[in-house]
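> Below are the sequence and a predicted model; questions follow.
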Amino acid sequence: MAAPILAFEGLGLVQGAGWLFRGLDIFIEERDRLALVGRNGAGKTTLLKLLAGRIEADEGRRTVRPGARVVLLEQDPAVAGFSSLQDYALQGPDAPALHEVAAVADQIGVDLSREAATASGGERRRAAIARALAMNPDVLLLDEPTNHLDLAAIDWLENWLSRYNGAFIAISHDRTFLTRLTRSSLWLERGGIRRAEVGFGGFEAWTEKVYEEEARNAQRLDTKLAQELHWLQRGVTARRRRNQGRLRKLEEMREVRRSMQGPAGVARLAAESGESKTKIVIDAENVTKRFGDRTILKDLTLRVQRGDRIGIVGANGTGKTTLLRLLMGELEPDEGTVRRAKTLDRVVIDQQRKLLQPGKTVRDILADGGDWVEVLGQKKHIQGYLKDFLFEPGLADARIETLSGGEQSRLLLAREFARRSNLMVLDEPTNDLDMETLDLLQEVIADYDGTVLIVSHDRDFLDRTVTAVVGLDGSGKADIVAGGYKDWESRRKPQPAESSAAPKGRPAPSAPKVQTKLSFKEKFELEQLPERIEALNAAIARDEALLSDPALYARDPAGFERLTGAVADARAKLDAAEERWLELAEKAEALGG
């Protein structure tokens, strides 16, 4: 076998009074596509810096194939001190050529002549991407590459990486990005690292199996440890089931929204009954907004009812913030009307963190310096509330400037969600948040009694939270689609041409029949799936038992590779079978058999 392009053997790093991790063995092969996943604070960013050679390890040996170039795309590009983004992109002895940086910058849409000091987060991120890709790396280390990018830039980056011939490791809160691009996973947990030949799409199922196996092994060694692992695994499974329940509820809300809308592509909603009118929060009718000669919105009609979760998407500059301001009453339309409920009480959470002033403490922000937080009109101790938002209770007296970007975003969420409101406006809420906090935010939104408006580029987040999507293209047109991001994206794809009238001699197609029970094919599939799941589990257990032989690789490398591939394939099939069984079982229950 060829030597890995990048390796770190016996990696150990001391942080504070102990080891952050120790004894890690990491091998990166050509064309590896790796998701690096771990809890907040596990050391993911630190590990990328170690692999890049930016910081020194306390133990271990780092080796890079001669001539190979390893490039790190950092989470926060250090543009301070440079007069322009071009100066930043061309810095250092290994700087890329100007024409190569300019070519990438043109494709990803960033003006490198922009002053670095006044550049937005998205512009800084694009400049950093242009620099990294123009360096022709053999290994790319990506730390939150989609942060502050709009959907168009994310699509471009995904397409570039899908054609990329080198290897990459990616840390990202963007589940869609990881699912589409990765083929293997590195799991950094409890100071150790595990690798599985499954992409991020299969990561959750894999980790549940790891927990289950650890609990079984620990049962034979230590009852207390087994109990801890048992509860940990149960917690993971319970959260997954809770999320599935919330997604079922969300789909029911989407069905209600679909029933309110007319045919595809029609923005005007159906006439409302008297009862529905009392639920209207915002009613925008035939709204047009221009800035100079440019039309931002043209003839938009949108009715937002109590409990709706509306996602607003589009590339930068298409008018997302303008639409928000129109809906909230901060701007007036040039044509049309926007009516709002008189009892509207809104809370706005934006990217600027204006409320988080340096010098203040967490206690100051949440409880005005006291010990109690008023959460939706009820008193709650600050330490308990901090735990609800994944903070250590000891952070109550930490100063704002000592918190990470993700912690500051989480603190802002904790503060704003404690306030009484019936309209929550979230402007790019997922930037700087880790996956655990995103899960928490999804749960909070799902349980929120009011209406939610969300501007976001995070496709998975939108799929898990919104009941309808308003998509802007920059020309003034707004597509309103019931459902999540996937529903909106599929609506944008060209559809086969259909005749507006039925051919002569052939009757017009009748309305589709409403399904009242599982089809024969679905019922048969539901009956057969448990047997298939059992067979796949047995095959995985058999092959993993063979792989547990420590001498197998030395004795039969080809056999080891074959078994590894077979296990990965079986796991993917098992995940698909379990998801299909759950889908059919829930459908059967909903239809009454």
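Sure, I can see it. Numbers count the residues shown, from 1 in each chain.

> my read: residue 32 touches residue 182, true?
No - Residue 32 lies out of contact with residue 182 (Cβ atoms under 8 Å); the separation is 9.3 Å. Using the backbone N, CA and C atoms, a C-beta is placed for each residue, glycine as well.

> Counting neighbours, go ahead and name the busier of those two.
Legend: neighbour count by other Cβ atoms under 10 Å for residue 32 and residue 182, higher for residue 182 (26 against 20).

> Can you name the residues that contact that one?
By Cβ atoms under 8 Å, 6 or more residues apart in numbering, the contact set of residue 182 is 33-35, 170, 199-200.

> and those as JSON lines, adding pLDDT, neighbour count and distance to residue 110?
Below are those laid out as JSON lines (pLDDT from 0 to 100; neighbours: other Cβ atoms under 10 Å; distance: Cβ to Cβ, whole Å):
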{"residue": "33", "pLDDT": "96", "neighbour count": "20", "distance to residue 110": "25"}
{"residue": "34", "pLDDT": "97", "neighbour count": "25", "distance to residue 110": "27"}
{"residue": "35", "pLDDT": "97", "neighbour count": "26", "distance to residue 110": "26"}
{"residue": "170", "pLDDT": "98", "neighbour count": "25", "distance to residue 110": "20"}
{"residue": "199", "pLDDT": "93", "neighbour count": "20", "distance to residue 110": "29"}
{"residue": "200", "pLDDT": "94", "neighbour count": "26", "distance to residue 110": "27"}
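
> tell me the two of these that are most distant?
170 and 199 (10.8 Å; Cβ to Cβ).

> shared neighbours of these two, which are they?
35, 178, 181-182.

> if I look at the residue nearest to the spatial centre of the chain, how far off is residue 488?
For the chain, the residue nearest the mean C-alpha position is residue 174 (3.1 Å; Cα atoms, centre = their mean). For residue 174, the distance to residue 488 (Cβ to Cβ, to the nearest Å) stands at 17 Å.

> Over to residue 474?
Per Cβ to Cβ, residue 474 is found 16 Å from residue 488.

> show me where the stretch 351-500 of the chain has helices.
362-367, 382-388, 405-417, 435-447, 459-465, 485-492 (DSSP state H, counting those that start in this stretch).

> ranking these by burial, who's on top?
Of all the helices of the stretch 351-500 of the chain, helix 459-465 has the most neighbours on average by mean count of other Cβ atoms under 10 Å, namely a mean of 24.

> Quick one: mean pLDDT over it.
Per-residue pLDDT values across helix 459-465 average out to 92.

> What helices and strands are in contact with that helix?
helix 175-181, helix 223-260, strand 309-313, helix 435-447, strand 451-455, helix 485-492 (3 or more Cβ pairs under 8 Å, 6 or more residues apart in numbering; DSSP states H and E).

> Any idea which of these has the lowest pLDDT on average?
Lowest mean pLDDT within those: helix 223-260, a mean of 61.

> on that earlier part again, and the furthest pair within the shared contacts of residue 170 and residue 199?
35 and 181 (8.3 Å).

> Find residues that contact each of the two.
Counting by Cβ under 8 Å, 6+ apart, the contacts common to residue 35 and residue 181 are 170, 199.

> for the stretch 201-350 of the chain, which spans come out with low pLDDT?
The model of the stretch 201-350 of the chain has pLDDT under 70 over residues 217-245, 260-278.

> Kindly recompute the last result at 80.
Residues of the stretch 201-350 of the chain meeting the criterion pLDDT under 80: 214-251, 253-254, 256-278, 349-350.

> do the same with the stretch 401-550 of the chain
Scanning the stretch 401-550 of the chain for pLDDT under 80 picks out 404-406, 431-432, 492-524, 544-545, 547-550.

> go with 50
495-514 (pLDDT under 50).

> and what of the stretch 51-200 of the chain?
For the stretch 51-200 of the chain, no range has pLDDT under 50.

> how about the strands of the stretch 251-400 of the chain, start to end?
For the stretch 251-400 of the chain, the strands defined by DSSP state E, counting those that start in this stretch cover 280-291, 294-305, 309-313, 335-340, 346-349, 372-375, 378-381.

> no, scratch that, I was asking about the stretch 51-200 of the chain
Under DSSP E, counting those that start in this stretch, the stretch 51-200 of the chain gives strands at 59-64, 70-73, 139-143, 167-171, 184-189, 192-196.

> try the stretch 451-593 of the chain
With DSSP E, counting those that start in this stretch as the criterion, the stretch 451-593 of the chain has strands spanning 451-455, 468-472, 478-482.

> how far off strand 309-313 does the first one point, in degrees?
Angle between the axes of strand 451-455 and strand 309-313 is 10 degrees (criterion: axes from the mean of the first three to the mean of the last three Cα atoms, to 10 degrees).

> Would you mind listing the buried residues in stretch 323-332?
Buried residues in stretch 323-332, counted by 16 or more other Cβ atoms under 10 Å: 323-324, 326-328, 331.

> Oops, could you answer that again for stretch 367-384 instead?
Those would be 367, 373-375, 380, 382-383, for stretch 367-384 by 16+ other Cβ under 10 Å.

> Which two of the residues you listed have the greatest separation?
So for those, where distance means Cβ to Cβ, the most widely separated pair is 374 and 383, at 15.1 Å.

> on that earlier part again, ok, the residue nearest to the centre of the chain to residue 90 distance?
In terms of Cβ to Cβ, residue 174 sits 28 Å off from residue 90.

> ok, now residue 208?
Counting by Cβ to Cβ, the gap from residue 208 to residue 90 is 47 Å.

> So for these two, which sits in the more crowded spot?
Comparing residue 208 with residue 90 by neighbour count (other Cβ under 10 Å), the higher total belongs to residue 90, at 17 against 14.

> Surely the more buried one is in contact with residue 98?
Yes - judged on Cβ under 8 Å, residue 90 makes contact with residue 98 at a distance of 6.3 Å.

> Contacts for stretch 402-409 next, please.
40, 76, 353, 356, 362, 391, 395, 400, 411, 429, 431-434, 437.

> Narrow those to those that are buried.
In the contacts of stretch 402-409, the ones that pass as buried (16+ other Cβ under 10 Å) are 356, 362, 391, 395, 400, 411, 429, 431-434, 437.

> Out of the residues you listed, flag the one nearest to residue 255.
For these, the nearest to residue 255 is residue 429 (25.4 Å; Cβ to Cβ).

> Nearest spatial neighbour of that closest one, chain-adjacent residues omitted?
Closest residue to residue 429 apart from its sequence neighbours, by Cβ to Cβ, 6 or more residues apart in numbering: residue 349 at 6.0 Å.

> in the sheet, who's paired with the one you found?
Counting by DSSP bridges, residue 349 is bridged to residue 426.

> Residue 21 too?
residue 13.

> I'd like to know how far it sits from residue 60.
10 Å.

> which neighbours do these two share?
Between them, residue 21 and residue 60 share the contacting residues 11-12, judged by Cβ under 8 Å, 6+ apart.

> Which one's more surrounded, those two?
residue 21 (25 against 20).

> got the domain boundaries for the protein?
For the chain, automatic domain parsing gives the domain ranges 6-201, 262-492, 520-591.

> Show me how far the second one is from its chain's centre.
Averaged C-alpha coordinates place domain 262-492 at 16 Å from its chain's average position (Cα atoms, centre = their mean, to the nearest Å).

> One more: the first one?
For domain 6-201, the distance from its own C-alpha centre to the chain's C-alpha centre is 17 Å (Cα atoms, centre = their mean).

> start to end distance for it?
Domain 6-201 has an end-to-end distance of 25 Å (Cα to Cα, to the nearest Å).

> Stretch 428-437 now?
14 Å.

> okay, stretch 324-332 in CSV with CA atoms only?
Presented in CSV, the C-alpha positions along stretch 324-332 are these (Å, rounded to 0.1, in the frame of the first residue of the first chain):
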residue,chain,number,x,y,z
LEU,A,324,-37.5,41.2,6.7
ARG,A,325,-37.6,45.0,7.3
LEU,A,326,-40.8,45.3,5.2
LEU,A,327,-42.5,42.5,7.1
MET,A,328,-41.5,44.1,10.5
GLY,A,329,-42.5,47.6,9.5
GLU,A,330,-39.0,49.1,9.4
LEU,A,331,-39.5,49.9,5.7
GLU,A,332,-42.5,50.9,3.8
